[in-house]
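*Asks:* Using only what follows, build the 3D model:
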Amino acid sequence: MKRHLIIIIGLLLCAAPFFTSCSESDDNSSDNEFANWRERNEEYFASIRSNALSKIAAAKRLYSDDWQSHSDWLTYLSYSRSESASNNTAHDSIFVEVLERGTGSGCPLSTDKVRVFYAGRLMPTTQHPDGKMFDHSGQSMLMDKIFDHATATPSAFPVSELTRGFATAVQHMHIGDKWRIYIPQELGYKNANRTDVPPYSTLVFDVELVQYARAGASLPNWN
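*Replies:* Next up is the predicted model:
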């Protein structure tokens, strides 16, 4: 009897790691923030695109050629693509939600330098309902602090060094514009293996353009 009991206990001890492994695997699978990441990002960007196009169409019906002045949503084809090209796809464009309208005249060119406040996030998830922040200007990660002109410092970049989606957006912005920019993975980091951004990520940037300078000129000092 004792021998049988010892054998049963031994079998249970051997099986324990198997059940523990299965349990841990299931937990990790259900809690994996980036599971099916490519498919989920494609669905997310498609939903943003559908909503934006619907709002843009409504603005065009109401305001005709002046629709952009009255629409909170805009869309722009990547600056690296031609409007007349026959192989442009749905993922060759960015979509913009206008948060604030600036009063500046003129827009940066691809050869210019820009100074911007910005915060870059991933698509919303259960763990990060507002999207996990992966980059931002200044020191603080708090959104109201990032865009605080009195205490925060904007970042300066040559437009040509930005991702195609970000570069496309700033070339349509006026000083004082603050936009939420939705960038498909094709115009972002695509399938690059970065520590802060998983491959195939839709990028969501809040951006405020505060200065720009033409090629050969220097950006004005900030504050």
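*Asks:* which secondary element of the protein has the worst mean pLDDT?
*Replies:* helix 2-31 (a mean of 45; mean pLDDT, DSSP states H and E).
*Asks:* Could you list every helix and strand in contact with the next helix or strand after it?
*Replies:* As assigned by DSSP states H and E, the chain's next helix or strand after helix 2-31 is helix 37-63. Where contact means 3 or more C-beta pairs under 8 Å, 6 or more residues apart in numbering; DSSP states H and E, helix 37-63 is packed against strand 73-77, strand 93-100, strand 178-183. C-beta coordinates here come from the backbone N, C-alpha and C atoms, glycine included.
*Asks:* Check which element follows the longest one along the chain.
*Replies:* Where DSSP H and E defines the elements, the next helix or strand beyond strand 93-100 is strand 113-121.
*Asks:* then that next one to CSV, C-alphas only?
*Replies:* The C-alpha trace of strand 113-121 is given here as CSV (Å, rounded to 0.1, in the frame of the first residue of the first chain):
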residue,chain,number,x,y,z
LYS,A,113,13.8,72.1,-40.1
VAL,A,114,10.9,72.1,-37.6
ARG,A,115,10.4,72.6,-33.9
VAL,A,116,7.5,70.7,-32.4
PHE,A,117,5.9,69.6,-29.2
TYR,A,118,4.9,66.0,-29.7
ALA,A,119,3.8,62.7,-28.0
GLY,A,120,3.9,59.4,-29.8
ARG,A,121,1.6,56.5,-28.7
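*Asks:* in its sheet, what does it sit against?
*Replies:* strand 133-136 (antiparallel), strand 155-158 (antiparallel), strand 203-213 (antiparallel) (DSSP bridges).
*Asks:* Now do the helix or strand just after the first one, average pLDDT.
*Replies:* By that I understand strand 133-136. Using DSSP H and E, the helix or strand that follows strand 133-136 in sequence is helix 143-146. Across helix 143-146, pLDDT averages out at 96.
*Asks:* quick one: helix 143-146 to chain centroid distance?
*Replies:* The chain centroid and the centroid of helix 143-146 are separated by 17 Å under C-alpha atoms, centre = their mean, to the nearest Å.
*Asks:* which of the strands paired with strand 113-121 is buried the deepest?
*Replies:* Mean neighbour counts were compared across the strands paired with strand 113-121 using mean count of other C-beta atoms under 10 Å; the top stretch is strand 203-213, at a mean of 22.
*Asks:* Okay then, goodbye and thanks.
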